[in-house]
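K.L.:
model this:
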Amino acid sequence: MEDNAPNRRIKVKLNIFDIVIICLAIAAAAAFYFIFSGASAAGVTSQQSTVRYTVQLDSAPDGTADLIDIGDALQENVKKFSIGTVTGVEFSQGTTLTEDHENGCFIDTPVPGYESIRITIEAPAVETDRNITVGGGFVVRVGAPVSVTGPGYAGGGYIVEIERGDG
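P.N.:
Numbers count the residues shown, from 1 in each chain. Now for the predicted structure:
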């Protein structure tokens with residue numbers, strides 16, 4: 001009786017299915033590396049600048065605009081990012097979109113007891129090829145929802161305008 005245990009070799013046979021799985025795993029690892037390795041891997045450049053943007057707060061209770069002063073430091077209400085300093089405030093009657101059944105369209109209808117507030121904010125920013133970021137993590141984009149908090153007031157709305165400055 002022969003003992004072939006030391007001379008045994010493990011034979012691995014790869015089929016096409018195994019090769020496809022290995023290739024997909026390598027591709028997933030490469031994609032993960034390029035996505036999460038930061039700006040240097042993607043060739044993204046960044047620069048410091050000043051950005052001025054406008055936030056529109058809809059459906060704020062009457063009198064809220066009187067609490068907002070030029071120079072107030074604002075904070076994003078969810079993650080507590082510092083999003084800049086107030087440089088301008090405009091307010092008007094609060095409105096809502098209402099369907100006009102007679103004409104088949106939507107119209108702005110005044111809402112008693114509420115006002116619409118446009119707050120102009122200025123902040124130091126980091127601009128990349130993809131984003132404008134203020135406060136270390138708040139991304140400024142037109143149409144992005146934002147919840148702001150100032151001294152004695154808070155509100156929710158959208159970024160409606162961005163004006164870039166020089167760094």
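
K.L.:
mind listing what's buried along the lengthiest strand in the chain?
P.N.:
In the chain, assigned by DSSP state E, the strand with the most residues is strand 105-128. For strand 105-128, a neighbour-count test (16 or more other CB atoms under 10 Å) marks 114-123, 125-127 as buried. Heads up, the C-betas are built off the backbone N, CA and C, glycines and all.

K.L.:
helices or strands up against it?
P.N.:
strand 46-61, helix 64-67, strand 82-100, strand 132-134, strand 153-164 (3 or more CB pairs under 8 Å, 6 or more residues apart in numbering; DSSP states H and E).

K.L.:
check contacts around residue 11.
P.N.:
Contacts here follow CB atoms under 8 Å, 6 or more residues apart in numbering; on that basis residue 11 touches nothing.

K.L.:
before we move on, back to that, so can I have CSV of the helices and strands packed on strand 105-128 showing mean pLDDT, distance to residue 25 and mean neighbour count?
P.N.:
Converted to CSV, those look like this (pLDDT from 0 to 100; distance: least, CB to CB, whole Å; neighbours: other CB atoms under 10 Å):
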stretch, mean pLDDT, distance to residue 25, mean neighbour count
strand 46-61, 89, 32, 17
helix 64-67, 91, 55, 16
strand 82-100, 92, 41, 15
strand 132-134, 91, 33, 19
strand 153-164, 91, 40, 16
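
K.L.:
just send these back as TSV, with distance to residue 31 too.
P.N.:
Listed next are those as TSV, based on distance: least, CB to CB, whole Å:
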stretch	distance to residue 31
strand 46-61	22
helix 64-67	46
strand 82-100	32
strand 132-134	23
strand 153-164	31
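
K.L.:
residue 30 is nearest to which of those?
P.N.:
strand 46-61 (23.8 Å; CB to CB).

K.L.:
quick check: angle from that closest one to strand 153-164?
P.N.:
Using axes from the mean of the first three to the mean of the last three CA atoms, to 10 degrees, the interaxial angle of strand 46-61 with respect to strand 153-164 works out to 140 degrees.

K.L.:
next, the angle strand 105-128 makes with strand 46-61.
P.N.:
Going by the same axes, to 10 degrees, strand 46-61 makes 150 degrees with strand 105-128.

K.L.:
note down every partner strand of strand 46-61 and its orientation.
P.N.:
Sheet partners assigned to strand 46-61 using DSSP bridges are listed as strand 105-128 (antiparallel), strand 153-164 (antiparallel).

K.L.:
what's across from the spatially closest residue to residue 161 that is not a sequence neighbour in the sheet?
P.N.:
Using CB to CB, 6 or more residues apart in numbering and skipping the chain neighbours, the partner closest in space to residue 161 is residue 54 (4.1 Å). With DSSP bridges as the criterion, residue 54 is bridged to residue 120, residue 161.
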